[in-house]
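1. Here is a sequence together with a model predicted from it:
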Amino acid sequence: MRIGMLTSGGDAPGLNAVIRGAVLIGQTVHGHEFVGLRDGWRGLVEADTMPLGRNEVKGISKQGGTILGTSRTNPFEGRGGVDRVNDVMTELGIDAIIAIGGEGTLAAAKRLTDAGIRIVGVPKTVDNDLDATDYTFGFDTAVQIATEAMDRLRTTGDAHSRCMVAEVMGRHVGWIALHSGMAAGAHAVLIPEQRTSMEQIAAWVSSAAARGRAPLVVVAEGFTLDSMDDPHSERGLDAFGRPRLGGIGEIIAPLIEERTGIETRATTLGHIQRGGTPTAFDRVLATRLGIAAVSAVTNGDWGRMVALRSTEIVTVPFAEALGTLKTVPQSRYDEAAMLFG
Ligand code: F6P
């Protein structure tokens, strides 16, 4: 088969390891041929391709980003749509597509598959918010980067006896915040799943400061104070109509200072969490998912996504993968919250 491969949505460390795993095993074991589609669905809609063989994937699993490029292009907008995708696939001689992406990408992949296009999905997101897979690659790297940044914030916070607020990504779930916050020994972790009052946050900060600690507060970008209606978003919507989050750290920092009298600084880690070298865990997971995606294509498992369940790689229908957001369960929050203050 001739397989088109694309990476779409926000990048995640490990994308290149998926591409390498799929191309190496696809060529050597299954005899498939690959073509790269540039910048996600845009490459498919505009027939913008690049060669994708052994030579192109040499040594790339340790590289961040994606050699294919990515974008948040919606394949149903502009000149896109099912007919256009079918025409381009015929023109390029592409039999099937491996789409590597998160929730928005997989939702588009499902719509295309429902219309008869042969697609297998690979889940990707640093947010770790897809319910059908235990972990997504990129998450472990994001947590590692955030933890290292918080370790640094703690030393400068200690030096000045300040409260440090670290804002992390995660969209509407608190996984990055929960894991990096626990790893860094945060005195409060604020996540979208748990609305919290400023009084409670100030109490945790004051209690840590009373023991002579410089308080560290980790806040997920999707966190909502109990006095707010929606998560803080001042940058409009993305191509899939979702609010672009960010900035809540800068909002709560002055409120903490006002209530506790402790000088407070906010740092938004932002895209640093998605950049650079993937961890070994993410490289291994991504490579295994790439290999499994090629097997799924070989078996004609259209409309399915590869996923990690415990230690095994399985396939699940797109519908199941998109059904529920994987939020932080109450028990995981309660366990972490015993360490706050
Ligand atoms: O979904 C991954 C993610 O990094 C979110 O955590 C964040 O809200 C969003 O993407 C940022 O998107 P962009 O890269 O378009 O600014």
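-> Yes, it's here. Numbers count the residues shown, from 1 in each chain.
2. avg pLDDT for stretch 203-217?
-> Averaging pLDDT along stretch 203-217 gives 98.
3. Endpoint to endpoint, that stretch covers what distance?
-> This stretch, stretch 203-217, spans 12 Å end to end (CA to CA, to the nearest Å).
4. interface residues of the stretch 101-250 of the chain facing the ligand?
-> Neighbours of the ligand within the stretch 101-250 of the chain, by CB under 6 Å from any ligand atom: 102, 125-127, 169-171, 221, 238, 245. C-beta: built from backbone N, CA, C; applies to glycine.
5. Out of the residues you listed, flag the one nearest to the ligand.
-> M169 (3.2 Å; CB to the nearest ligand atom).
6. and the gap between the closest one and T196?
-> Going from M169 to T196 by CB to CB, to the nearest Å gives 19 Å.
7. Same check on G102?
-> According to CB to CB, G102 and T196 sit 27 Å apart.
8. So these two - more neighbours on which side?
-> Comparing G102 with T196 by other CB atoms under 10 Å, the one with more neighbours is G102, at 24 against 19.
9. Surely that one and N128 touch.
-> No. Contact criterion CB atoms under 8 Å: G102 and N128 do not qualify, at 10.2 Å.
10. Check for me that A253 belongs to a strand.
-> No. Going by DSSP: H, G, I helix; E, B strand; the rest coil, the assignment for A253 is helix, not a strand.
11. burial count for it?
-> Neighbours of A253 using other CB under 10 Å come to 21.
12. Quick check: phi and psi at the closest residue to it other than its chain neighbours.
-> Once flanking residues are discounted, A253 sits nearest to A266: 3.8 Å by CB to CB, 6 or more residues apart in numbering. Main-chain dihedrals, A266, degrees, to the nearest 10: phi -110, psi 140.
13. who's in contact with A266?
-> Residues near A266 by CB atoms under 8 Å, 6 or more residues apart in numbering: 165-167, 249-250, 252-253.
14. Same check on A202?
-> Neighbouring residues of A202 by CB under 8 Å, 6+ apart: 255-256, 259-260.
15. C-terminal to the helix or strand that contains it, what's the next element?
-> Assessed by DSSP states H and E, A202 sits inside helix 198-210. Counting by DSSP H and E, the next helix or strand C-terminal to helix 198-210 is strand 216-220.
16. relative to helix 198-210, how tilted is that following strand?
-> 150 degrees (axes from the mean of the first three to the mean of the last three CA atoms, to 10 degrees).
17. Which residues does strand 216-220 contact?
-> Contact with strand 216-220 is made by 150, 153-154, 157, 163-170, 173-174, 176-177, 180-181, 184-192, 201, 204-205, 248-249, 252, 256, as judged by CB under 8 Å, 6+ apart.
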